[in-house]
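Asks: I'd like to go over a predicted model; first the sequence, then the structure.
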Amino acid sequence: MQAMNSDNALHFDVALVLDLLGVFFFAVSGSLLAARKGFDMVGSLLLGCLVGLGGGVIRDLIISTAVPAAFSQPLYLAPPLLAAVLVHLLFSHVERGGRLLIIFDAGGLALFCITGTLKALVAGLNPVAAILLGVTTAVGGGLLRDITANEVPQLFDSKDLYGIPAFLGAGLTTVLFSTGLLNLFSGSAVAVAVFTFRILAWHFGWHAPLAARRNRAGAVPG
């Protein structure tokens, strides 16, 4: 976060706050999915931890030999715990469809593609590697969540866009960082853009071209 402010203490605070917010948003999506699946509180907490912390753990293991932040800083366990409690108390009063899950998931995606990319850039990775790691951080937890809950991963849903908004956020973050234009305002603008893109793609059913063209009968030519 060195490009975002001149004060080193504030760099860490801003990075930590954004990381914890991303964990919370993703953890809520995991707890919501657990509630829809009929899991108990333990299952809700574990699924929230998996999606909220999974991408960050992958990121930290790749760029550092140190213990991942999720295990070295107990504070990271607070957002999943809060998410599980809130969903337990409020789930019966909120919509049981997928809209709320998508909203929180999009929030986590928007924050993690930025924080993951920034952490990679500060660690000295080249721009391409930083973008890839930012995307991995953003989509990794959701992938683990969906597989664990026996859902088709959103990352591989041909009727939705999931990885592309993360690539957009990671790419913009890298450009802003490299040009010295990354600050709290521009970073927030990137997060809003990624969140909006993800929600619009889900609402309007935007999707990327299929890996292979289908014939009129709907089958892939052999």
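Replies: Received it, and whenever you're ready, just let me know what you need.
Asks: show me what contacts the residue nearest the centre of the chain?
Replies: Among the residues of the chain, the one closest to the centroid is Leu109, at 2.9 Å (CA atoms, centre = their mean). Applying CB atoms under 8 Å, 6 or more residues apart in numbering to Leu109 gives the contacts 138-139, 142, 162, 165-166, 169, 194-195, 198. (Glycine included, C-beta is placed from N, CA and C.)
Asks: using JSON lines, please lay out the residues you listed together with pLDDT.
Replies: Shown next, in JSON lines, are these (pLDDT from 0 to 100):
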{"residue": "Ala138", "pLDDT": "95"}
{"residue": "Val139", "pLDDT": "95"}
{"residue": "Gly142", "pLDDT": "92"}
{"residue": "Tyr162", "pLDDT": "91"}
{"residue": "Pro165", "pLDDT": "95"}
{"residue": "Ala166", "pLDDT": "96"}
{"residue": "Gly169", "pLDDT": "96"}
{"residue": "Val194", "pLDDT": "97"}
{"residue": "Phe195", "pLDDT": "97"}
{"residue": "Arg198", "pLDDT": "95"}
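Asks: coming back round to it: if I look at the residue nearest to the centre of the chain, how far off is Ala138?
Replies: The gap separating Leu109 from Ala138 is 5 Å, by CB to CB, to the nearest Å.
Asks: quick one: distance of the longest helix seen in the chain to the chain centre.
Replies: Using DSSP state H to define each element, the chain has its longest helix at helix 8-37. Distance of helix 8-37 from the chain centroid (CA atoms, centre = their mean, to the nearest Å) equals 9 Å.
Asks: over to stretch 82-91?
Replies: Taking CA atoms, centre = their mean, one finds stretch 82-91 lying 20 Å from the centre of the chain it belongs to.
Asks: go ahead and name everything in contact with that stretch.
Replies: By CB under 8 Å, 6+ apart, the residues outside stretch 82-91 that reach it are 24, 27-28, 30-32, 34-35, 41, 44-45, 48, 52.
Asks: now it: mean pLDDT?
Replies: Computed over stretch 82-91, the mean pLDDT rounds to 90.
Asks: mind giving me the packing neighbours of the longest helix of the chain?
Replies: If contacts are counted by 3 or more CB pairs under 8 Å, 6 or more residues apart in numbering; DSSP states H and E, helix 8-37 sits against helix 41-63, helix 78-90, helix 99-122, helix 127-148.
Asks: please convert those helices to TSV, extending it with distance to Asp19.
Replies: Formatted as TSV, the helices and strands packed on helix 8-37 follow (distance: least, CB to CB, whole Å):
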stretch	distance to Asp19
helix 41-63	7
helix 78-90	9
helix 99-122	5
helix 127-148	10
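Asks: most tightly packed of those?
Replies: With neighbours defined as mean count of other CB atoms under 10 Å, these peak in mean count at helix 99-122, which reaches a mean of 25.
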